[in-house]
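[1] I'd like to go over a predicted model; first the sequence, then the structure.
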Amino acid sequence: MNSEGSNLTRLQMTTIVVLRVLIGWHFLYEGIAKLTSPSWSAAGYMKVSRGPFAAFFHWIAGQPQLLDKANLITMYGLAIVGVLLILGLFTRLAAIAGIGFTVSYHSCVFGS
């Protein structure tokens, strides 16, 4: 056991930190790419979604005010999750939010 009370070795801890930073960078990059693209919208993704949340996403895509909110949540949410993971702040909360973004995307794009 090391001084932090963890059973992880230095190599394992370093690997986890590196992976956290790389995943954070991916989320940050995607958020910034969407924020800096004036024409980006989640509408196309939501209109063709399938899977367990398809009806919900189709409904949001048809409501301009809700779609604007979904766009903002996506753009800023991805960037914020990325920054938090890179900096190691609120990592559990950031990880849960990142999982939420990833699951919602994959369950709708690849759902049956």
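    Looks like it came in fine.
[2] contacting residues around G98?
    I23, F27, V81, L85 (Cβ atoms under 8 Å, 6 or more residues apart in numbering). Using the backbone N, CA and C atoms, a C-beta is placed for each residue, glycine as well.
[3] On the three-state scheme, it is what?
    Secondary structure, DSSP: H, G, I helix; E, B strand; the rest coil: G98 is helix.
[4] if I read this right, W40 contacts G31, doesn't it?
    No. Taking contacts as Cβ atoms under 8 Å, W40 lies outside contact range of G31: 10.7 Å.
[5] what's around G51, how many residues?
    G51 has 15 neighbours, counted by other Cβ atoms under 10 Å.
[6] Secondary structure element holding it?
    Under DSSP states H and E, no helix or strand contains G51.
[7] And for T15?
    Using DSSP H and E, T15 maps to helix 10-35.
[8] how about the CA coordinates for the helix or strand following that helix, as PDB?
    Scanning forward in sequence from helix 10-35 by DSSP H and E, the next helix or strand is helix 43-47. Extracted C-alpha coordinates of helix 43-47, given in PDB (Å, rounded to 0.1, in the frame of the first residue of the first chain):
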ATOM      1  CA  ALA A  43     -30.800  18.800 -35.100                       C
ATOM      2  CA  GLY A  44     -29.500  16.400 -37.800                       C
ATOM      3  CA  TYR A  45     -28.300  13.900 -35.200                       C
ATOM      4  CA  MET A  46     -31.600  14.000 -33.300                       C
ATOM      5  CA  LYS A  47     -33.800  13.800 -36.400                       C
END
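[9] What is helix 43-47 packed up against?
    Judged by 3 or more Cβ pairs under 8 Å, 6 or more residues apart in numbering; DSSP states H and E, the packing partners of helix 43-47 are helix 54-61, helix 64-87, helix 91-109.
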